[in-house]
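Engineer: quick check, what structure comes out for this input:
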Amino acid sequence: MAKICIVGAGSIGCYLGGRLLAAGADVSLVGRARIGNELRAHGLTLTDYRNGRWQVPPADVRYVTDPGAPADADLVLVTVKSAATQSVGDELKPVLRAGAIVVSFQNGLGNADVLRATLPQHTVLAGMVPFNVMQPGPGAFHQGTGGELEVTASPLLQPFLGDFLRAGLPLTERTDMTAVQWAKLLLNLNNAINALANRPLKEELSQRVYRRCLALAQMEALRLLSRAGIQPAKLTPIPPTWIPRLLATPDAVFARLAGKMLAIDPLARSSMSDDLAAGRKTEVDWINGEVVRLAKRLGQRAPVNAQLCAMVHAAESAATRPSWSGNDLLAALGASS
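Structural biologist: Numbering: from 1, shown residues only. Now for the predicted structure:
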């Protein structure tokens, strides 16, 4: 049986690992001691917005803090925050066995490149997790939104496809992962808006004024992508270039035309919102910041996304977490553009 190791097993890593374990895969998890203590006491309980439920007892969970744990893995899934990618690559380099495959299931665009440069003797593939995962309690991880895992197509993935299929998490192989990652990033531009609004995703996206904020950020990114000759992939029934117009429609029209976008657990929030709630640094520089960097490479500006970066960074260091109203947030972003 192929051995799978998940490095950086927080919410996303524990959910993926738990679903694979529940389906009988050989999985080990590497992460923080706090989560390890929870899993030793409670095991893993996995749920999703469609009322699915899977459980893994404590005795069946191998969760360690030792960075050398991936030494016997055939497949390593990296799910750490983007800021930790280089350090994880440095830890993996001396321990990975020859032939091990590495998949970066992280936000942003360049994490697989960082790992590839650090691990030149290994195959490193870019991956994309489309859904949100929250932790409602000790050892409990809940998938709040939909979508399927996507990864760079490679014949080397063949031995592992069955494990993911049995877990109900099929791997969709893509030959256009850069386009896929940009399409996901366009959707993830909402993470900052959701974090600043300090509301559940469904509540936020149900309000036109917040959607108009997202439309501003997406339109700015789409203009830059067009100038760069990059066409984002179509991940939803609606092409990426149409989404900003849809977002700006009245609430009743949006609910009718984009019902799937609102097929979200009522309590789900963006990972960036969860980071602010926990007092952690966010990944805003690897999401909205990617748009700002693209603008600089093109000799252009990205004032809306730059403003969102600045506002999230201010929230990270604020004594009291802000909760921006839609009108105030739209005014702040409109003034920057």
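Engineer: could you point out the longest helix of the protein?
Structural biologist: Using DSSP state H, we find that the single longest helix of the chain is helix 208-228.
Engineer: buried residues, that helix. List them.
Structural biologist: Neighbour counts over helix 208-228 (16 or more other Cβ atoms under 10 Å) mark 208-222, 224-225 as buried. The way it works is simple: take the backbone N, C-alpha and C, and place the C-beta from them, glycine included.
Engineer: what mean pLDDT does it get?
Structural biologist: Mean pLDDT, helix 208-228: 98.
Engineer: next secondary structure after that helix?
Structural biologist: Going down the chain from helix 208-228, the next helix or strand is helix 243-247, by DSSP states H and E.
Engineer: which stretches of the protein aren't confidently modelled?
Structural biologist: Within the chain, the segments meeting pLDDT under 70 span 262, 337.
Engineer: where do the strands sit along it?
Structural biologist: Counting by DSSP state E, one finds strands in the chain at the ranges 3-7, 26-30, 44-48, 53-56, 63-64, 75-78, 101-104, 123-128, 133-137, 140-143, 149-152, 171-174.
Engineer: neighbours of L201, just the number please.
Structural biologist: 25 (other Cβ atoms under 10 Å).
Engineer: tell me which of the strands of the chain lies nearest to A268.
Structural biologist: strand 133-137 (5.9 Å; Cβ to Cβ).
Engineer: got the angle between that closest one and strand 44-48?
Structural biologist: 130 degrees (axes from the mean of the first three to the mean of the last three Cα atoms, to 10 degrees).
Engineer: partners of strand 133-137 in the sheet?
Structural biologist: strand 140-143 (antiparallel) (DSSP bridges).
Engineer: what's the strand it pairs with in contact with?
Structural biologist: Residues outside strand 140-143 that contact it (Cβ atoms under 8 Å, 6 or more residues apart in numbering): 11, 14-15, 18, 42, 44-49, 131-136, 265, 268.
Engineer: excluding covalently adjacent residues, which one is nearest to the most centrally placed residue in the chain?
Structural biologist: Nearest to the geometric centre of the chain sits N107, at 4.6 Å (Cα atoms, centre = their mean). Excluding its sequence neighbours, the residue lying closest to N107 (Cβ to Cβ, 6 or more residues apart in numbering) is E283, at 5.2 Å.
Engineer: again, but for R32
Structural biologist: T65 (6.9 Å).
Engineer: check contacts around the residue nearest to the centre of the chain.
Structural biologist: K81, S82, L185, N188, S271, E283, W286, I287.
Engineer: same check on N132?
Structural biologist: Applying Cβ under 8 Å, 6+ apart, one finds that N132 lies in contact with Q143, G144, T145, L201, I264, A268, R269, S270, S271.
Engineer: tally of neighbours for the fifth one?
Structural biologist: Same thing as I264. 22.
Engineer: I'd assumed L201 was in contact with it.
Structural biologist: Yes. Counting by Cβ atoms under 8 Å, I264 touches L201, with 5.2 Å between them.
Engineer: overlap in contacts, those two.
Structural biologist: Among the neighbours of I264, those also in contact with L201 (Cβ under 8 Å, 6+ apart) are N132, G144, T145.
Engineer: pretty sure A41 is touching P58, no?
Structural biologist: Yes. Under the criterion of Cβ under 8 Å, A41 makes contact with P58 at 6.7 Å.
Engineer: which of these two has more neighbours?
Structural biologist: More crowded of A41 and P58, by other Cβ under 10 Å: P58, with 14 against 10.
Engineer: now the more buried one. Nearest residue, chain neighbours left out?
Structural biologist: Computed as Cβ to Cβ, 6+ apart, the closest residue to P58 that is not its neighbour in sequence is G43, at 4.2 Å.
Engineer: repeat for C14
Structural biologist: F141 (5.1 Å).
Engineer: quick check: the one you found vs V180, distance?
Structural biologist: 24 Å (Cβ to Cβ, to the nearest Å).
Engineer: the more surrounded of the two?
Structural biologist: F141 (26 against 23).
Engineer: ok, what's across the strand from the more buried one?
Structural biologist: L46.
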